[in-house]
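A.B. asks: how does the following fold in three dimensions:
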Amino acid sequence: MKLGLALGYWSAGPPPGVAEQVAAAEDLGFDSMWTAEAYGSDALTPLAWLGAHTERIRLGTSVIQLSARTPTATAMAAMTLDHLSGGRVVIGIGASGPQVVEGWYGQPYPKPLARTREYVRILRSTIARETVRFEGDHYTIPHPGGAGLGKPLRSTLHPLREEIPILLAAEGPKNVAMAAEIGDGWQPLFYAPRADQHYRDALAEGFARPGARRKPDDFEVVGMVSVVVDDDVETAANQIRPHLALYIGGMGAKGANFHYDVFARMGYEDECAQIQELYLSGRKDQAIASVPLSLVEQVALIGPKAKIAEELPQWRDSLLTTMVVSGSPDTLRLITDLVT
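C.D. replies: The predicted model follows:
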């Protein structure tokens with residue numbers, strides 16, 4: 001199991017010490033670093049800036065918002081950065097949710113699986129420097145209307161690599177199966193080793209489909225795992241509870257929150273309902289306090305070093321091929337010692 005560095009997206013501004021984090025990760029032998037975007041900082045600019053100060057570490061997006069750019073624009077950016085970095089780019093894309101897609105990007109959200117499938121086909125065609133022609137339900141290239149002067153084009157930029165790995169962020173079983181069918185990897189957000197068989201079954205369905213790109217032994221699973229070392233388990237859990245409460249309770253409306261569904265499938269449906277009710281009614285502190293310790297421990301490594309070391313084998317034996325972590329340089333060194 002490899003290690004990756006989670007950089008995420010910014011809050012009010014650039015996070016302090018990020019250059020030192022990246023330098024430490026590369027020195028420690030981390031395989032990759034991963035940026036994100038929602039409706040603030042974008043994923044590509046920090047990756048290019050920080051990538052210029054590294055030599056080996058892979059540059060991944062976790063994730064690029066599918067609705068933020070046309071597929072050809074995403075391909076252009078990835079091909080450009082792949083040249084500048086010497087072939088280190090990994091494209092992670094995700095469909096996000098209706099609040100962000102429709103509320104920020106002004107794009108329709110329905111049928112995200114079909115939209116993702118078309119997007120990936122155009123991405124691959126563009127990166128392979130084919131003349132791009134596509135007629136789908138969600139994307140048509142060239143555009144059939146407008147001035148009526150559009151014609152099929154191919155990239156003037158020759159790719160450094162004819163294929164750049166494309167990973168799909170997915171949480172529901174149908175999305176996970178599609179990641180195995182059309183992707184080079186899968187990016188779970190809240191991965192739990194105890195739910196391993198559920199995800200193995202979903203991936204197996206995708207691998208068995210006609211034309212599947214990969215087999216299980218050459219397929220990446222890149223998941224973010226919060227690691228908090230503290231002698232007191234509850235104190236460690238309190239550092240993660242606000243994040244989980246936000247995603248379970250505040251990301252999406254009732255009935256349209258895919259993160260909520262992940263934990264409900266783990267057996268926490270009643271707890272999720274309570275967290276969501278409290279969060280959406282403005283009682284965020286109570287929502288945070290309502291996140292059970294056992295739920296935190298499903299998706300994170302928390303507590304004394306000895307406890308974390310004891311729990312690590314279940315992560316090594318899981319589907320994860322890369323564990324993506326975050327923290328100060330000292331924390332990254334500690335995590336590296338524990339994991340390796």
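A.B. asks: look at Ser328 and say how many residues are nearby.
C.D. replies: When neighbours are defined as other C-beta atoms under 10 Å, Ser328 has 12 of them. (C-beta placed from N, C-alpha, C; glycine too.)
A.B. asks: just the buried positions in stretch 315-329, please.
C.D. replies: Trp315, Ser318, Leu319, Leu320, Thr321, Thr322, Met323, Val324, Val325, Ser326, Gly327, Pro329 (16 or more other C-beta atoms under 10 Å).
A.B. asks: can you tell me the SS state at the fourth one?
C.D. replies: Spelled out, it's Leu320. Under DSSP: H, G, I helix; E, B strand; the rest coil, Leu320 falls in the coil class.
A.B. asks: show me the strands in the stretch 101-250 of the chain, by range?
C.D. replies: 134-135, 140-141, 166-169, 185-187, 220-224, 226-229 (DSSP state E, counting those that start in this stretch).
A.B. asks: would you turn those strands into CSV with distance to Gln99 and mean neighbour count?
C.D. replies: Below are those laid out as CSV (distance: least, C-beta to C-beta, whole Å; neighbours: other C-beta atoms under 10 Å):
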stretch, distance to Gln99, mean neighbour count
strand 134-135, 28, 14
strand 140-141, 26, 16
strand 166-169, 16, 25
strand 185-187, 20, 26
strand 220-224, 21, 23
strand 226-229, 23, 20
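A.B. asks: could those strands go into a markdown table alongside mean pLDDT and distance to Ile335?
C.D. replies: Shown next, in a markdown table, are these (pLDDT from 0 to 100; distance: least, C-beta to C-beta, whole Å):
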| stretch | mean pLDDT | distance to Ile335 |
| --- | --- | --- |
| strand 134-135 | 98 | 43 |
| strand 140-141 | 98 | 44 |
| strand 166-169 | 98 | 22 |
| strand 185-187 | 98 | 19 |
| strand 220-224 | 97 | 13 |
| strand 226-229 | 96 | 5 |
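A.B. asks: including distance to Ala177, could the ones you listed go into CSV?
C.D. replies: Output for the strands of the stretch 101-250 of the chain, formatted as CSV (distance: least, C-beta to C-beta, whole Å):
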stretch, distance to Ala177
strand 134-135, 23
strand 140-141, 26
strand 166-169, 10
strand 185-187, 10
strand 220-224, 14
strand 226-229, 26
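A.B. asks: ok, and the closest non-adjacent residue to the most centrally placed residue in the chain?
C.D. replies: For the chain, the residue nearest the mean C-alpha position is Ser62 (3.6 Å; C-alpha atoms, centre = their mean). Setting aside the residues directly before and after it, Ser62 is nearest to Trp34 in space (C-beta to C-beta, 6 or more residues apart in numbering), at 3.8 Å.
A.B. asks: is the one you found in a bridge, and if so with what?
C.D. replies: Beta-bridge pairing of Trp34 under DSSP bridges involves Ala6, Gly60.
A.B. asks: what about it, how many neighbours?
C.D. replies: Around Trp34 there are 26 residues (other C-beta under 10 Å).
A.B. asks: what sits against it?
C.D. replies: Gly4, Leu5, Ala6, Leu7, Gly8, Gly60, Thr61, Ser62, Gly92, Val222, Met224, Val324 (C-beta atoms under 8 Å, 6 or more residues apart in numbering).
A.B. asks: quick check: buried residues in stretch 205-223?
C.D. replies: Of the residues in stretch 205-223, Glu205, Gly206, Ala212, Arg213, Arg214, Phe219, Glu220, Val221, Val222, Gly223 count as buried by neighbour count, 16+ other C-beta under 10 Å.
A.B. asks: what's in contact with that stretch?
C.D. replies: Residues contacting stretch 205-223 (C-beta under 8 Å, 6+ apart): 4, 32, 34, 60, 62, 92, 165, 167, 173, 176-189, 191, 203-204, 319-324.
A.B. asks: please redo it, this time with the cut-off set to 7 Å
C.D. replies: For stretch 205-223, contacts defined as C-beta atoms under 7 Å, 6 or more residues apart in numbering pick out 4, 167, 177-188, 191, 319-324.
A.B. asks: using CSV, write down the CA coordinates of stretch 73-91.
C.D. replies: Coordinates of each C-alpha in stretch 73-91 appear next as CSV, following Å, rounded to 0.1, in the frame of the first residue of the first chain:
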residue,chain,number,x,y,z
ALA,A,73,-10.7,21.5,-21.7
THR,A,74,-9.9,18.9,-19.0
ALA,A,75,-7.8,16.9,-21.5
MET,A,76,-6.0,20.0,-22.6
ALA,A,77,-5.0,20.9,-19.1
ALA,A,78,-4.0,17.3,-18.2
MET,A,79,-1.9,17.0,-21.4
THR,A,80,-0.2,20.4,-20.7
LEU,A,81,0.6,19.5,-17.1
ASP,A,82,1.8,16.0,-18.1
HIS,A,83,4.4,17.6,-20.4
LEU,A,84,5.5,20.1,-17.8
SER,A,85,5.8,17.4,-15.1
GLY,A,86,7.5,14.7,-17.2
GLY,A,87,4.5,12.4,-17.2
ARG,A,88,3.3,12.5,-13.6
VAL,A,89,-0.4,13.4,-14.0
VAL,A,90,-3.3,11.3,-12.8
ILE,A,91,-6.8,12.6,-13.6
